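Asks: coords please:
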Amino acid sequence: MIGRILRLVFDSVAGQVIVLLVLSIAAMHGVLTAYFFLSNPSTMFAATPGETAGEIGAAAHMLAAASPDERPRLLELLKGSLPSIAACSAPVPEAADKVRFGPLAARLGDAATARKVFDGRPGPGDEFVGPLFLVLKDGTCYRLELPEGEAPHFFGPGTTMLGFLLITTVVLVSWAMVVIIGPLRRFEAAVERLRDMRSEVSVPEIGPRELRSAISAFNRMRARIGKLMAEKTAMLAAVSHDLRTPITRLRLRAEFIDDETIREPMLADLDHMAALAQVALVHLSGTDSPEPFDQTDLPSLLQTIADQFADLGHAVSYEGPSRLAARVRHRDILRAVSNLVENAVRYGDKVVVSLNKLPGRRLAIAVADNGPGIPAAEREHLLEPFVRGDSARGSLPNSGFGLGLTIARDVAEAHGGSIVLADNPPHGLLATLEIEG
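Replies: Purely as a prediction, here's the structure:
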């Protein structure tokens, strides 16, 4: 348990900074406290109110039990623990009140009565400050002069040190969280928001010098990666464009083949090549979506998708609220859900599109089918581009290019969410887009 807590604390910069600050402050206060007490031994070893009351009570009982002739010699012996004790040189002041409560009255018992002149209303411990009179049962009076330093106070040196330690720790930890940890968390949030490396938006270079250097290096890396991605996309766009012309010429020539057993497979292969090039280009260019986030009525959008597939003869239905607005990229969500539904109708004969509101601002768009499903071991791998499973789904004819799930994943991540693939009992696949709305 302790090891887990230590790993949790030292695993983050915030935990390390807080531990460093607390240890530094504690060490500093420890040195100051030791110096204070060592330079003031009387404060360090001062008796507590209970101990002082016990000493005074014991002295009173011994004086009351001794004979008048023995009391002077006993008084000298008592000065070892109570240096200020002496016989009264004057009568007890009339303004002196009897100490009736507290540890001193309990220790004295019937042996003597303690009297004290209080300034105003007495408080706890006030009887141990200044002159104190002990009147024995036979009327003999003794006076003790208790110094001001021996008075007990709640806000003593130890309590003051602890309070100051707590305050300084809270202040410095708060400062560290704002000045040091705050920019790190803003950097992390900015990097999470900056999912498209080809975007011209850079992470603001704010915070300490080391953090600014890290952000600057990240921005330079992002610019280099964005340039490479733009060059790659431009190259693929050029290849796709150049492929259209020979594919079109081949298709025209294939149309003149008289043998249908040769012509139809050749035309199908050419159509497949053209579609593969087009889908690949759309996927690569789609990572840089210029579409803004707008308020969209998701139920209307999902119902429209379901109706479009139903018009093509597929059993697709929508289940969920009739009204639910969210800030999303309309075309991206349309594209992602359409890809999921297209996959679902390819492998199943019944598809249900549903919408649910999750805690916070999160939403779940689910597409469930009754097809053969995807084994759990293959699901993560099938999210990669151009990957098709070797299971029953991938072995079916016209199983696509392996980009539907990839596009849906990219759209979900662009909306601050993810895609989750699960079983749809008794059989089938449940693909869920969890997004921020």
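Asks: Double-check that M62 belongs to a strand.
Replies: No. Inclusion of M62 in a strand is not indicated when DSSP: H, G, I helix; E, B strand; the rest coil is applied; the result is helix.
Asks: Hmm, it is touching L74, no?
Replies: Yes. When contacts are counted by Cβ atoms under 8 Å, M62 is listed as touching L74 (6.1 Å). C-beta coordinates here come from the backbone N, C-alpha and C atoms, glycine included.
Asks: Which neighbours do these two have in common?
Replies: Taking Cβ atoms under 8 Å, 6 or more residues apart in numbering as the contact definition, M62 and L74 share no neighbouring residue.
Asks: Can you tell me the element P426 falls in?
Replies: Assigning secondary structure by DSSP states H and E places P426 outside every helix and strand.
Asks: What's the local residue count around it?
Replies: 7 (other Cβ atoms under 10 Å).
Asks: On the pLDDT front, check it for me.
Replies: P426 carries a pLDDT score of 88 in this model.
Asks: How about the one 5 residues further on?
Replies: Note on A431: pLDDT of 95.
Asks: what do you get for the one 4 residues further on?
Replies: According to the model's per-residue confidence, I435 sits at a pLDDT of 93.
Asks: Helix, strand, or coil at it?
Replies: Here I435 is recorded as strand under three-state DSSP.
Asks: Report the beta-bridge partners for it.
Replies: Applying DSSP bridges to I435 gives these bridge partners: L363.
Asks: ok, it to T296 distance?
Replies: Note on I435: its distance to T296, by Cβ to Cβ, to the nearest Å, is 11 Å.
Asks: Give me the more crowded residue out of these two.
Replies: For I435 versus T296, neighbours defined as other Cβ under 10 Å are more numerous around I435 (26 against 19).
Asks: so the more buried one touches E413, yeah?
Replies: No. In this structure, I435 sits apart from E413 without contact. The criterion is Cβ under 8 Å, and the distance is 9.2 Å.
Asks: shared neighbours, the two?
Replies: What both I435 and E413 touch, as defined by Cβ under 8 Å, 6+ apart, is an empty set.
Asks: tell me what the host helix or strand of H241 is packed against?
Replies: Counting by DSSP H and E, the secondary-structure element that holds H241 is helix 209-255. Identification of packing neighbours for helix 209-255 by 3 or more Cβ pairs under 8 Å, 6 or more residues apart in numbering; DSSP states H and E yields helix 182-193, helix 260-286.
Asks: next structured bit after the longest one?
Replies: As assigned by DSSP H and E, the chain's next helix or strand after helix 260-286 is strand 294-297.
Asks: Domains in the chain, by residue range?
Replies: Each domain of the chain is listed here as a residue range: 49-150, 209-286, 294-436, per automatic domain parsing.
Asks: Report the mean per-residue pLDDT for the first one.
Replies: Going back to what we said before, that points to domain 49-150. In this model, domain 49-150 carries a mean pLDDT of 79.
Asks: Can you report how many residues lie near the closest residue to G428 other than its chain neighbours?
Replies: Spatial nearest neighbour of G428, excluding adjacent residues (Cβ to Cβ, 6 or more residues apart in numbering): N370 at 4.3 Å. Counted by other Cβ under 10 Å, the residues lying close to N370 total 18.
Asks: N370 contacts G348, correct?
Replies: Yes. The pair N370 and G348 qualifies as a contact (Cβ under 8 Å) at a distance of 4.6 Å.
Asks: any shared contact partners between these two?
Replies: In contact with both N370 and G348: G428, using Cβ under 8 Å, 6+ apart.
Asks: what do I435 and T296 both touch?
Replies: Contact with both I435 and T296 is made by residues A326, V328, I333, according to Cβ under 8 Å, 6+ apart.
Asks: If the residue lying closest to the second one once chain neighbours are set aside is in a bridge, with which residues?
Replies: Nearest non-adjacent residue to V328, counting by Cβ to Cβ, 6+ apart: T296, 5.2 Å away. When bridges are assigned using DSSP bridges, the partners listed for T296 are A326.
Asks: which residues does T296 contact?
Replies: By Cβ under 8 Å, 6+ apart, T296 lies in contact with A325, A326, R327, V328, H330, I333.
Asks: Kindly recompute the last result at 10 Å.
Replies: When contacts are counted by Cβ atoms under 10 Å, 6 or more residues apart in numbering, T296 is found next to L324, A325, A326, R327, V328, R329, H330, R331, I333, L334, G437.
Asks: Now which of the residues you listed would you call buried?
Replies: Taking 16 or more other Cβ atoms under 10 Å as the criterion, what is buried in those is L324, A326, V328, R329, H330, I333, L334, G437.
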